[in-house]
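Novice: Sequence plus predicted model, see below.
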Amino acid sequence: MKTDLLSRKADYLGITGSALCLIHCLVTPILLMTTTVLHDGHLRIGYLSLDYVFIGVNTAAVYFATRSVGSSIIKKALWGFLTLLVVAITLEDVNDTFRLMGYAASAGLIVTHLINVRQHRQQHLQPS
């Protein structure tokens, strides 16, 4: 029962998680440069560790969304963008390219989840 609910809502969870991750990634550099709020060590570590929360949320969303996906292209795209996001977040301090890759991966997850939602709706609207 709970798994059924998670499977039905996984795309919405993925869209929300990816959008929040994208916002977080865009706002963090601005906050680090313009405010003293994140200069406190504990608060900064807590704020920056949200990256790993987003990885967890998006992993759960992709897992449950792909359990009921009929299209192998969407399944591969979701797992591919998730892998790209994990690599980008893990290596974002190495090079700025990884930060840009993270933005692209988040946007890719959002778009792919939206396509999956649209396909689910079309499948349910088709007469049997």
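Specialist: Yep, that arrived.

Novice: pull the helix or strand with minimum mean pLDDT from this protein.
Specialist: Least confident helix or strand, the chain: helix 41-48 with a mean of 58, by mean pLDDT, DSSP states H and E.

Novice: By neighbour count, which bits of the following helix or strand past that helix are buried? Give me those.
Specialist: Using DSSP states H and E, the helix or strand that follows helix 41-48 in sequence is helix 50-66. Within helix 50-66, the residues that qualify as buried are 51, 54, 55, 57, 58, 59, 61, 62, 63, 64, 65, 66, counting by 16 or more other Cβ atoms under 10 Å. Every residue, glycine included, has its C-beta placed from N, CA and C.

Novice: Longest helix in the protein, by number of residues?
Specialist: If you go by DSSP state H, the chain has its longest helix at helix 2-34.

Novice: and that helix, average pLDDT?
Specialist: Helix 2-34 shows a mean pLDDT of 77.

Novice: Return the set of buried residues in it.
Specialist: Quick answer for helix 2-34 (16+ other Cβ under 10 Å): 6-7, 10-11, 13-18, 20-22, 24-25, 28.

Novice: Name all residues that make contact with the residue nearest the centre of the chain.
Specialist: Among the residues of the chain, the one closest to the centroid is residue 18, at 3.1 Å (Cα atoms, centre = their mean). Applying Cβ atoms under 8 Å, 6 or more residues apart in numbering to residue 18 gives the contacts 54, 58, 85, 106, 107, 109, 110, 113.

Novice: For the buried ones among the residues you listed, write the corresponding ChimeraX selection.
Specialist: Selection of buried members from those for ChimeraX, criterion 16+ other Cβ under 10 Å:
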select :54,58,85,106,109,110,113
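
Novice: Among the contacts of residue 18, which are located in strands?
Specialist: Assignment to strands by DSSP state E places none of the contacts of residue 18 there.

Novice: okay, who's weakest in the contacts of residue 18 by pLDDT?
Specialist: Out of the contacts of residue 18, that is residue 54, at 88.
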